[in-house]
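> what follows is a predicted structure for the sequence shown.
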Amino acid sequence: MAILKIARMGHPILTRRADPVADPGAGEIRHLVSDMIDTLLDAGAAGLAAPQVHMPLRIFVFRITPERAGSSPEDGPLPVTVVINPEIDLLSEERELRWEGCLSIPGLRGAVPRSPRVRYAGVDCEGRAVGAVASGFHANLVQHEHDHLDGILYPMRMRDFSLFGFTEELARTDTGKPGR
Ligand code: NI
């Protein structure tokens with residue numbers, strides 16, 4: 001068990017494109033994934049991508065707790081899920097504003113235009129297919145984590161910087177919903 005150090009915005013690893021994982025079952029990948037899960041749970045976060053722990057690889061882990069789940073079956077609770085070498089398709093032309101935070105941008109939140117529905121697919125460490133059609137928070141989370149693999153941080157997607165601020169201030173005025 002190890003809690004990994006999280007890279008913060010400004011570190012170049014967060015803005016480069018991550019590399020595909022050649023062998024998802026390799027010992028060092030399993031070890032990394034296990035440490036990423038420990039780090040995710042320790043932080044009380046919903047998602048974590050490998051570049052955030054200084055590894056430029058196409059891996060993310062995420063979970064949807066019952067409190068964050070929506071009413072749609074495409075947005076139900078999910079235990080910790082490992083996604084390696086993911087592909088993502090946006091299933092809507094529409095974009096809706098979703099409040100996001102990020103472990104690499106501590107203390108801040110912003111409203112980000114996101115597709116309300118996506119399909120994603122990858123594999124886990126056993127080589128099993130992982131993926132779903134996702135909507136709501138599930139869709140939002142997967143887009144955020146997949147962006148990390150392409151070197152994109154959520155402020156780079158924002159259009160309205162009046163909807164960007166410190167979590168504490170937003171909570172005081174009730175602008176930003178509680179989040180990730
Ligand atoms: Ni993030």
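Sure thing, it's come through. Numbers count the residues shown, from 1 in each chain.

> from the rest of the structure, what touches the top strand by length along the chain?
Assignment by DSSP state E gives strand 78-90 as the longest strand of the chain. Contacts to strand 78-90, defined as Cβ atoms under 8 Å, 6 or more residues apart in numbering, come from residues 20-21, 24, 29, 33, 37, 40-41, 58-64, 69, 115, 117-125, 130-131, 138, 142-143, 145-146, 149. Heads up, the C-betas are built off the backbone N, CA and C, glycines and all.

> which ones among the residues you listed map onto helices?
29, 33, 37, 40-41, 138, 142-143, 145-146, 149 (DSSP state H).

> low-confidence stretches in this structure?
Where the chain drops to pLDDT under 70, the residues are 174-180.

> tell me, what residue is most central in it?
E145 (2.8 Å; Cα atoms, centre = their mean).

> show me what contacts the residue nearest to H138 when sequence neighbours are not counted?
Distances taken as Cβ to Cβ, 6 or more residues apart in numbering place D75 nearest to H138, at 4.5 Å, with adjacent residues excluded. Neighbour list for D75: 64, 69, 134-139 [criterion: Cβ under 8 Å, 6+ apart].

> quick one: buried ones out of the contacts of strand 78-90?
Buried members of the contacts of strand 78-90, counted by 16 or more other Cβ atoms under 10 Å: 21, 24, 29, 33, 37, 40, 58-64, 115, 117-120, 122-125, 130-131, 138, 142-143, 145-146, 149.

> report the beta-bridge partner residues of the nearest residue to P86 once chain neighbours are set aside.
Spatially, and ignoring its direct neighbours in sequence, P86 is nearest to G122 (3.7 Å; Cβ to Cβ, 6+ apart). Beta bridges link G122 to V130, judged by DSSP bridges.

> doesn't V130 make contact with G122?
Yes - under the criterion of Cβ atoms under 8 Å, G122 makes contact with V130 at 5.2 Å.

> the closest residue to A49 other than its chain neighbours: neighbouring residues, count only.
In space, and not counting its chain neighbours, A49 is closest to H148: 3.4 Å by Cβ to Cβ, 6+ apart. Neighbour count of H148, defined by other Cβ atoms under 10 Å: 25.

> immediately after the longest strand of the chain, which helix or strand?
strand 96-100 (DSSP states H and E).

> quick one: strands adjacent to that following strand?
Sheet pairing of strand 96-100 (DSSP bridges) gives strand 108-114 (antiparallel).

> tell me how far the partner strand lies from the chain's centre.
Distance, stretch centre to chain centre, for strand 108-114: 13 Å (Cα atoms, centre = their mean, to the nearest Å).
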